[in-house]
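K.L.:
Dropping the sequence and predicted coords here.
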Amino acid sequence: MLKSGDIILTKVQFTDTFEVKIRPAVVLFEEFDNVVVAGITSNLKMEGIPLTKKEGAVKDSVIKLNYLFTISKAMISKVLFNLNSKKKHEIFKELTNKLDRLNI
């Protein structure tokens, strides 16, 4: 069973090619074997939430909240670790700020 905040390795198809690669991502939520995730990159120049080796990452990285996608649970290779509650709250706060811009 996946939990929000799980850092996973998953197959990702890039939007600009048909290439599929194994990449890390953070689970936002799961519903009916569909998993909504945010991509993670080791390119520290990218905008997003920092994720450090101290927190469990293989190398310092960035959680990219502008790169959200839905995957099948079957595409997940491995669960690496779970984020602490402080980091999960930071993700929630940033996603909420982005969604507030909808101005409904």
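P.N.:
Yep, it's here.
K.L.:
Please make it C-alpha for all contacts and neighbour counts, starting now.
P.N.:
Will do.
K.L.:
Can you show me the CA trace of stretch 42-49 as CSV?
P.N.:
The C-alpha trace of stretch 42-49 is given here as CSV (Å, rounded to 0.1, in the frame of the first residue of the first chain):
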residue,chain,number,x,y,z
SER,A,42,18.8,16.1,-9.4
ASN,A,43,19.2,19.3,-11.4
LEU,A,44,19.4,21.8,-8.5
LYS,A,45,18.8,24.7,-10.9
MET,A,46,15.2,23.6,-11.3
GLU,A,47,12.4,25.3,-9.3
GLY,A,48,10.8,23.3,-6.6
ILE,A,49,11.2,21.9,-3.1
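K.L.:
what comes into contact with it?
P.N.:
59-66, 90-91 (CA atoms under 8 Å, 6 or more residues apart in numbering).
K.L.:
Show me the residues you listed that map onto helices.
P.N.:
Under the assignment DSSP state H, the contacts of stretch 42-49 contribute 90-91 to helices.
K.L.:
Greatest separation within the contacts of stretch 42-49: which pair is it?
P.N.:
Pairwise distances among those were taken by CA to CA; the largest, 20.4 Å, belongs to K59 and N66.
K.L.:
Need the contacts of stretch 42-49 in TSV (columns: distance to E47, neighbour count and pLDDT).
P.N.:
Shown next, in TSV, are these (distance: CA to CA, whole Å; neighbours: other CA atoms under 10 Å; pLDDT from 0 to 100):
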residue	distance to E47	neighbour count	pLDDT
K59	16	13	95
D60	13	16	97
S61	11	21	97
V62	7	21	98
I63	8	22	98
K64	7	20	96
L65	8	19	95
N66	8	12	92
E90	14	12	97
I91	13	21	97
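K.L.:
Nice, that's everything, thank you.
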